[in-house]
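Q: sequence first, then the predicted structure, then my questions.
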Amino acid sequence: MRSISIAILAAGAVAILPLATSAQTSSQPTPAPTTMSKEDLHTTWEKIKGAWTQTKGVVKERWGKLTDDDLLEIQGRREKLVGKIQTRYGISHEEAESQVGGWEQKYHSM
């Protein structure tokens, strides 16, 4: 009797699983890729440089410890942004890279 109940429950779960999966994927936005290609990264940073006057406000919101002088010096250059974040926040280069990488993903998807 117990094995019949388990078989019935398993069959029901298999029938419900595709419905749950399709409902979940249809209501959830597709996640952004975890890594960007070099070409996408280059394109994103070209956009950032071109619109630095507008972008620096977003950067300042994300990393509030950056000064206006820092933003003037950065001028849309990724390596400068990473270095300034590392310095201002007292974090490792890897952590600063990670933060900028996450921000890039978000910026790229906008």
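A: In hand now; what should we look at?
Q: what about the chain, any weak spots by pLDDT?
A: By pLDDT under 70, the low-scoring segments of the chain are 1-35, 109-110.
Q: do that again at 50, thanks
A: Scanning the chain for pLDDT under 50 picks out 2-33.
Q: now the helices for it?
A: Under the criterion DSSP state H, helices of the chain are mapped to 2-27, 38-50, 52-62, 68-74, 78-89, 93-108.
Q: may I see the buried residues of the shortest one?
A: It stands for helix 68-74. With burial defined by 16 or more other Cβ atoms under 10 Å, the residues of helix 68-74 counted as buried are 70-71, 74. For the C-beta atoms, the positions are set from N, CA and C on the backbone; glycine is no exception.
Q: Val58 and Gly90: what is the separation?
A: 22 Å (Cβ to Cβ, to the nearest Å).
Q: ok, these two, which is more surrounded?
A: Val58 (15 against 9; other Cβ atoms under 10 Å).
Q: what residues are up against the more buried one?
A: Going by Cβ atoms under 8 Å, 6 or more residues apart in numbering, Val58 touches Tyr107.
Q: do you know how far it is from Gln105?
A: 14 Å.
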